[in-house]
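> sequence first, then the predicted structure:
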Amino acid sequence: MAEHSAIEWTDATWNPVRGCTKISPGCKHCYAEVFAERFRGVPGHPYEQGFDLRLVPEKLGEPLRWQSPKMIFVNSMSDLFHEGVPDEYIEAVATVMIKANWHTYQILTKRSARMASLLRGRLRFAATAPHIWWGVSVENKEHGLPRLRDLQKSPVAVRFLSIEPLLEGLGRLNLKGIHWVIVGGESGPGARPLEKEWVASIRDQCNEANVPFFFKQWGGVRKKKAGRALDGQTYDGFPVRISNPVAPATTALSWAREIQEGFAANRELLPILA
């Protein structure tokens with residue numbers, strides 16, 4: 001989980017927070033929890049504490065050390081807007097994203113109400129940056145569509161939907177203000193089924209609305225065999241990426257040290273620091 005990623009729609013992952021808790025049906029077979037819990041109790045392992053929520057301030061400056069521009073999925077092993085993550089820490093993560101603006105960031109949450117609130121408040125400085133993409137998970141109508149509405153009300157430059165795992169047909173979607181849609185089925189033991197008509201409907205609506213569409217996978221127990229072709233075609237749509245100059249390495253490393261040291265010394269946050 002760092003400079004390279006096997007996730008089809010990103011280049012790298014950055015996890016300044018580890019661990020999470022379940023809040024909706026999409027969380028039932030969480031890949032991150034399964035991975036992390038394999039290492040619970042292993043001395044010295046990054047996931048020695050399993051999937052317990054904790055901050056990892058030594059990871060805060062990581063993107064500032066990467067001089068090659070990347071597409072970065074923020075907190076693939078957590079949710080930045082989890083209620084246990086302090087506002088101050090979320091602001092520090094956003095500060096890194098603003099400073100290391102030669103990368104493109106993908107922030108995905110199921111806690112859309114908190115994200116929307118912070119984007120109208122202390123995260124306003126990062127909301128409209130075109131190299132930061134803000135997204136929500138949409139697994140069904142009951143939980144996912146309210147998140148979609150929260151995202152649409154957020155004053156950001158780029159909005160995206162991760163419709164994965166898609167658990168039911170979503171009907172007619174309001175895609176106003178949405179700039180990217182990812183769809184995928186659940187994978188692994190106990191994977192819930194994905195119907196072709198659910199996917200095709202979303203693809204067609206994206207085409208009508210001129211929204212880039214990315215189909216990640218059919219999923220299932222043998223996801224590689226199932227593949228990711230829909231009607232004989234692979235869909236790899238992306239929004240336009242912004243190109244910004246890379247900061248000098250010495251400057252970037254100085255920023256990283258400053259941000260990390262500030263949180264490493266914050267005694268009030270120590271109970272959930274890694």
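Structure's in. What do you need? All figures in this text were calculated on a predicted structure; none of them were measured in a lab.

> every contact and neighbour count from this point should use C-alpha atoms.
Noted.

> ok, and the closest non-adjacent residue to the most centrally placed residue in the chain?
Compute the mean C-alpha point of the chain, and by Cα atoms, centre = their mean the closest residue is residue 108, 3.1 Å away. With Cα to Cα, 6 or more residues apart in numbering as the measure, residue 135 is the residue that lies nearest to residue 108, at 4.6 Å, once sequence neighbours are left out.

> roughly how far does that neighbour sit from residue 66?
23 Å (Cα to Cα, to the nearest Å).

> try residue 263
Applying Cα to Cα, the value for residue 263 to residue 66 is 21 Å.

> those two: who's more crowded?
Applying other Cα atoms under 10 Å to residue 263 and residue 66 shows that residue 263 carries more neighbours, namely 21 against 17.

> any idea which element the more buried one lies in?
Here residue 263, judged by DSSP states H and E, is contained in helix 249-264.

> what helices and strands are in contact with that helix?
When contacts are defined as 3 or more Cα pairs under 8 Å, 6 or more residues apart in numbering; DSSP states H and E, helix 249-264 sits against helix 62-65, helix 87-99.

> distance from that helix to the middle of the chain?
What separates the centre of helix 249-264 from the centre of its chain is 23 Å, taken as Cα atoms, centre = their mean, to the nearest Å.

> the residue nearest to residue 108: how many residues sit nearby?
Neighbour count of residue 135, defined by other Cα under 10 Å: 26.

> tell me which element it falls in.
Assigned by DSSP H and E, residue 135 falls in strand 132-137.

> got the angle between the helix or strand just after that strand and strand 132-137?
Scanning forward in sequence from strand 132-137, with DSSP H and E defining helices and strands, the next element found is helix 141-152. Using axes from the mean of the first three to the mean of the last three Cα atoms, to 10 degrees, the direction of helix 141-152 lies 160 degrees away from that of strand 132-137.

> who does whatever helix or strand comes next after helix 141-152 touch, helix- and strand-wise?
Going down the chain from helix 141-152, the next helix or strand is strand 158-163, by DSSP H and E. Where contact means 3+ Cα pairs under 8 Å, 6+ apart, strand 158-163 is packed against strand 132-137, helix 141-152, strand 180-184.

> between strand 158-163 and the second one, find me the angle.
With the same axes, to 10 degrees as the basis, helix 141-152 and strand 158-163 are set at 170 degrees to each other.

> CA atoms only: put helix 141-152 into PDB for me.
Backbone C-alpha positions of helix 141-152 (Å, rounded to 0.1, in the frame of the first residue of the first chain) are rendered in PDB as follows:
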ATOM      1  CA  LYS A 141     -30.400   3.200  -3.200                       C
ATOM      2  CA  GLU A 142     -31.000   3.400   0.500                       C
ATOM      3  CA  HIS A 143     -27.400   4.300   1.500                       C
ATOM      4  CA  GLY A 144     -25.800   5.400  -1.700                       C
ATOM      5  CA  LEU A 145     -28.200   7.900  -3.100                       C
ATOM      6  CA  PRO A 146     -28.100  10.200   0.000                       C
ATOM      7  CA  ARG A 147     -24.300  10.200  -0.300                       C
ATOM      8  CA  LEU A 148     -24.700  11.200  -4.000                       C
ATOM      9  CA  ARG A 149     -26.800  14.200  -3.000                       C
ATOM     10  CA  ASP A 150     -24.300  15.200  -0.300                       C
ATOM     11  CA  LEU A 151     -21.600  15.100  -2.900                       C
ATOM     12  CA  GLN A 152     -23.600  17.200  -5.300                       C
END
